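>>> show me how the following folds:
(chains A and B, ligands or ions: 1)
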Amino acid sequence: MDFDYTEEQQLLEDSVSKFLEKNYTFEQRRQIVASRVGYSPTAWEGLANLGLLGLPIPQDRDGFGGGGVETMIVMEAFGRHLVVEPYLGTVVMAASCIATAGTDEQKQYLLPPIMEGRMRFACAFTEGGGRYDLDHVETTARMDDGQWVINGAKSVVMHGAVADLLIVSARTSGAVTDRNGISLFFVHPAEEGVSGREYPTYDGNRAAEIGFENVRVSGDSLIGAADRGLPLLELIVDRAIAALCAEAVGCMKVLNDTTLEYLKTRQQFGVPIGRFQVLQHRMVDMVMQYEQAKSMALLAAVKVDDADPVERRKAVSAAKELIGRAGRHISQQAIQLHGGMGMTDELNVGHYVKRLTAIDTLFGDADHHLDRFAQAESAQPLNVAAFERPRSKWRKI
Amino acid sequence: MDLNYTDEELAFRDEVRAFVRDKLPPQISRKVIEHKRLTKDDYVTWQKALHARGWIAPGWPKEFGGTGWNPVQRHIFEEECAAAGAPRVIAFGVDMVGPVIIAFGHPWQKERYLPRILSSDDWWCQGYSEPGSGSDLASLKTRAERKGDHYIVNGQKTWTTLAQYADMMFCLVRTSTEGKKQDGISFLLIDMKTPGITVRPIITLDGEHEVNEVWLENVQVPVENLVGEEGRGWTYAKFLLSHERTGIAGVSRSKRELAFVKHIASEQSQGGRPLIENVRFRDKISRVEIDLMALEITVLRVLAADRQGRPPGPEASILKIKGTEIQQALTELMMEAVGPWALPFLPDSWGDHWLGERVGPEYAAPLAAQYLNFRKVSIYGGSNEIQRNIVSQMILGL
Ligand SMILES: Cc1cc2nc3c(=O)[nH]c(=O)nc-3n(C[C@H](O)[C@H](O)[C@H](O)COP(=O)(O)OP(=O)(O)OC[C@H]3O[C@@H](n4cnc5c(N)ncnc54)[C@H](O)[C@@H]3O)c2cc1C
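Sure, this is the predicted structure:
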């Protein structure tokens, strides 16, 4: 067992931190959030130059060849800076999805522009009536004359409007909540029949409602096997969750550091408020929650690459559950201990709180993952086992 | 021991219910129930309706325009108003400065200000907190120096709720730096139109403009606007803090919110069933509901003790802590209930005149902002830490 970063991982951590300290200060971020597009094309280019857009892409495809731990390192730094770039959808989800399950042509065609920063993705998986269930898929895709015809709607698609290409889950057979019969497709947002509406989310990001009306895409827009997309979908989302857990840990770190500093400097009754024992204990609780969260983010980062989907699912859901709770606790106390100042838009505290709160909601809140954790052992992989074999066998699919 | 309302109390309830049904404009109650943004006009409209019926200031002595209700009647009144979605009566005039003027004010102050408080013609704000003086309010620094028949006031107040609407501010100022810091504080009534006052918005984390900084630069306040005696302001401020006891826990409003949580949870679905049938979520609602049932009885017990003539005491702190914890838990549940629909942030959509398209169910739009906004209730009015200090010192003698 070894908890230390390798030299390469340490370098990664240093370079991403340095980059963000220069290009993503709180004030810069404020401007980025308020800008027309809601992300920073310049920062995106910078991330490309650092090789971070190819993080999960194998080295033989000219990528970084990183796994869960490398993603964790990057996302923790993103959390510390409240990065609003479409990184999760493009890199953590789409790039890794293509690298994992794409055909050779898809890889050849899509991975280079991702790495070069020329192509952004959004993953359109959630539907209005489905809450957090990935297998709730009302959107349909049927084969017609060698093309797929997609109908339906996706909700709260993060960064949906800035994507050059969407990955969409659609039902190719079965009933709305069947675990079988789900397939993944690439869809161009400019395709005839795609409609979208962008709006801000309360954490400074953007999302979109996207509709599909008789949208025709080519036969090779399918990712992986038809009807058996759910295990792949779950794998990608688990990677996203592990990444979000790391991001949350970055947010918590800043909130705790900021609050500790405030306890030492804010004076009331002639002493720093950190002299009041009740606040000392409160701060200790926040730090304990952070340490627990950090441990779980680490576990999720390692286990997300586990060949056994049950192991993976358990660790990822456990992390999301604990981090949802810890994030809520730390957020509320950080505001409370700052008094009125914690309520302001001016201070960074509220902004970290908002991101932590949103992270709990993304891909299932603490309650959802408590269920999923409890059921992980018993959940049968059904007849979709083909996607859940060890990594080395992925290429055969 | 009898926990049921008497026949007279039931008749009173029906009377209040009928009044609210007739006089509360539905477009206002709808906004309240759905957590939309209320305008100044919405508040004033409802307050004027209450005033017309003589019910705006139940806590005041009858000769000044009070209702003469006993605590149970006041509780019933609050229940009915809250359940129907009436806006809360803005506390600064009726519940805060009014009773202070009644108890300690000069006759001319009573004559001048009390009728305008009752009629909502003056909007008051509370100028207590300062950047350096929050929990430690007695350390406040805003200076008032006597020059002839005026005080010259210099300093800065902050977190002043809705000062952007205010005609008047009741303000704690320092008239002396000698002796105990509490003894150098005085209570001034300041016309917000006086030259030298600047109100600057503070935007809160939910993006709203609810609080302000109020800067005072050589503001001339006539000496007759001093309430009571110079140097006694702290006593009046403390009187004010312990005065308003029935509403402090917010039980009635929380009951309405609880009903709303249940409503949302039955509309939202999870795994093909209404969310409210999900045992985990249902249990969370039930737990808050049980806490709320207990709190209601606790409030009534405190009120009953009042009726037997026991002076208001630090029990109010217990009501404030439990009440705000429940309010916060409810905002959390509402946000959780709507799942991903909490994320879209379209603040214009919960104001008036919104013509845009919604995202998700209408009730979901303001819930995240409301959750964030309600973090304030454990901070203001004496933070919950300070309330616990009061209980441990004043009740437990620790
Ligand atoms: C939305 C909002 C509206 C407000 N409206 C008004 C208004 O209209 N008028 C007005 O005058 N004020 C208003 N306030 C101010 C409010 O009363 C203060 O925020 C409050 O008194 C806390 O003061 P502070 O913000 O300076 O925090 P601080 O006093 O700096 O407290 C910071 C933290 O330290 C804790 N703490 C402080 N002292 C102790 C202690 N002795 N023991 C243990 N813990 C302690 C506090 O509980 C808090 O958690 C409002 C505040 C908010 C957030």
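>>> helix or strand: which one has B:Gly207?
Using DSSP states H and E, B:Gly207 sits within no helix or strand.
>>> sorry, slip of the keys, the one I care about is B:Ala368.
helix B:367-373.
>>> pLDDT (mean, whole number) over that helix?
Per-residue pLDDT values over helix B:367-373 give a mean of 98.
>>> contact partners for the closest residue to chain B within the stretch 101-250 of chain A?
Nearest residue of the stretch 101-250 of chain A to chain B: A:Tyr202, at 3.9 Å (Cβ to the nearest Cβ). For every residue, glycine as well, the C-beta is placed using N, CA and C. A:Tyr202 makes contacts with A:Lys354, A:Thr357, A:Ala358, B:Asp206, B:Ala342, B:Leu343, B:Pro344, B:Phe345, B:Ala368, B:Ala369, B:Leu372, as judged by Cβ atoms under 8 Å, 6 or more residues apart in numbering or on different chains.
>>> how near is the nearest residue to A:Gly224 once chain neighbours are set aside to A:Gly229?
Counting by Cβ to Cβ, 6 or more residues apart in numbering or on different chains, A:Ala101 is the residue found nearest to A:Gly224 once chain neighbours are left out, at 4.2 Å. Per Cβ to Cβ, to the nearest Å, A:Ala101 is found 9 Å from A:Gly229.
>>> in terms of neighbours, single out the busier of those two.
A:Gly229 (28 against 22; other Cβ atoms under 10 Å in any protein chain shown).
>>> how close does that one sit to A:Val92?
18 Å.
>>> again with A:Val237
For A:Val237, the distance to A:Val92 - Cβ to Cβ - is 10 Å.
>>> could you give the number of residues near B:Asp206?
Neighbours of B:Asp206 using other Cβ under 10 Å come to 23.
>>> got the contact list for it?
Here B:Asp206 is in contact with A:Tyr202, B:Ala369, B:Gln370, B:Leu372, B:Asn373 (criterion: Cβ under 8 Å, 6+ apart).
>>> turn the residues you listed into CSV, including distance to A:Phe363.
Listed next are these as CSV, based on distance: Cβ to Cβ, whole Å:
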residue, distance to A:Phe363
A:Tyr202, 17
B:Ala369, 22
B:Gln370, 23
B:Leu372, 21
B:Asn373, 26
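>>> near chain A, which residues of the stretch 101-250 of chain B?
B:129, B:132-136, B:139, B:158-159, B:202-207, B:211 (Cβ under 8 Å from any Cβ of the partner chain).
>>> go with 7 Å
B:Gly134, B:Ser135, B:Asp136, B:Trp159, B:Ile202, B:Ile203, B:Thr204, B:Leu205, B:Gly207 (Cβ under 7 Å from any Cβ of the partner chain).
>>> where does pLDDT dip in chain B?
Scanning chain B for pLDDT under 70 picks out B:242-246, B:307, B:309-312.
>>> minimum distance to chain A, which residue of it gives it?
B:Leu205 (3.0 Å).
>>> can you count the residues close to that residue?
By other Cβ under 10 Å, neighbour count at B:Leu205 equals 23.
>>> cool, B:Lys180 as well?
B:Lys180: 11 neighbours (other Cβ under 10 Å).
>>> quick one, phi/psi of it?
Backbone torsions of B:Lys180, given as degrees, to the nearest 10, read phi -60, psi 140.
>>> how many residues are close by residue 277?
As the question left the chain open, I've gone with chain A. A:Gln277: 8 neighbours (other Cβ under 10 Å).
>>> hm, I was asking about chain B
13.
>>> also B:Trp46?
Quick note: B:Trp46 (other Cβ under 10 Å) scores 26 neighbours.
>>> returning to that earlier point: how much space between the residue nearest to A:Gly224 and the ligand?
50 Å (Cβ to the nearest ligand atom, to the nearest Å).
>>> from A:Phe64, how far off is that residue?
From A:Ala101 over to A:Phe64 (counting by Cβ to Cβ), the distance is 19 Å.
>>> quick check: buried residues in the lengthiest helix in chain A?
In chain A, assigned by DSSP state H, the helix with the most residues is helix A:230-265. The neighbour-count check on helix A:230-265 (16 or more other Cβ atoms under 10 Å in any protein chain shown) flags A:230-256, A:258-259, A:262-263 as buried.
>>> how far off centre is it?
Centre-to-centre, helix A:230-265 and its host chain are 10 Å apart (Cα atoms, centre = their mean, to the nearest Å).
>>> just checking, what packs against the following helix or strand past it?
Using DSSP H and E, the helix or strand that follows helix A:230-265 towards the C-terminus is strand A:267-268. Packed against strand A:267-268 by the contact rule (3 or more Cβ pairs under 7 Å, 6 or more residues apart in numbering or on different chains; DSSP states H and E) you find no helix or strand.
>>> just the helices from chain A, written as ranges.
So, for chain A - with DSSP H - the helices run A:7-23, A:26-34, A:41-49, A:68-81, A:87, A:96-101, A:104-115, A:230-265, A:277-303, A:309-338, A:348-361, A:366-375.
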